[in-house]
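Engineer: give me coordinates for this.
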Amino acid sequence: MANFIEKTLEPGEEVIFKGRLHWSYNFKYTFMGIVAILLSIGLVIVTTMGESEGSSSWITFYIIIGLVGLLTIGIGYFLRSRTEFAVTNSRFIQKDGILNIKMTEIPLFKVETVNFYQTLFERMFNTGSIELVGSGGTAHRVEYVQQPYKVRNLIATYMKEQQVDDVPKAAPAPTEGQN
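Structural biologist: This is a model prediction of the structure:
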């Protein structure tokens, strides 16, 4: 799956930047999973110290809580890994999904504006959002981008190069005396 974007490249096109979602995207899953695991371990220790009748069924229940915590962490990483994006020398490509895939492609010559959003928290962890506004006002926003300022600069740079390449060369102005 990691090479899906490379399979879609056109002849002469090269990947300038390849990224994925920032780790903060799945922070809530990781945090809830760790809390469940620690709670499970603590309850198992307390229950085994008490050694009372029926404690084995409670220990089994607490172990299940720990396993649910591990599953929650795994779900978070799975959800994060299903999205990847790339900036090439001619377009922006985003792939979402693992079994069912949705691919969004935006030619850089069609991009009019690149918007950049970053809260104070996102700034501390080097994450943020990029919004590409295309001709006609259509917008595509990607959140939880790693190194969003770098991605924004790359898109803006290659966007300008694409627009300069597409501008037709003007005919030379007639000099004085020529009509």
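Engineer: partner residues bridging the residue most central in space within the chain?
Structural biologist: Residue closest to the average C-alpha location in the chain (Cα atoms, centre = their mean): residue 21, at 2.7 Å. When bridges are called by DSSP bridges, residue 21 pairs up with residue 145.
Engineer: could you measure from it over to residue 130?
Structural biologist: Counting by Cβ to Cβ, to the nearest Å, the separation of residue 21 from residue 130 is 12 Å. The way it works is simple: take the backbone N, C-alpha and C, and place the C-beta from them, glycine included.
Engineer: any common contacting residues for the two?
Structural biologist: Jointly contacting residue 21 and residue 130 under the rule Cβ atoms under 8 Å, 6 or more residues apart in numbering are residue 145.
Engineer: elements contacting the longest helix along the chain?
Structural biologist: Secondary structure assigned by DSSP state H gives helix 55-81 as the longest helix of the chain. Here helix 55-81 touches helix 27-50, going by 3 or more Cβ pairs under 8 Å, 6 or more residues apart in numbering; DSSP states H and E.
Engineer: contacts for the helix it packs on?
Structural biologist: Contacts of helix 27-50 (Cβ under 8 Å, 6+ apart): 55, 58-59, 62-63, 65-66, 68-73, 75-77, 79.
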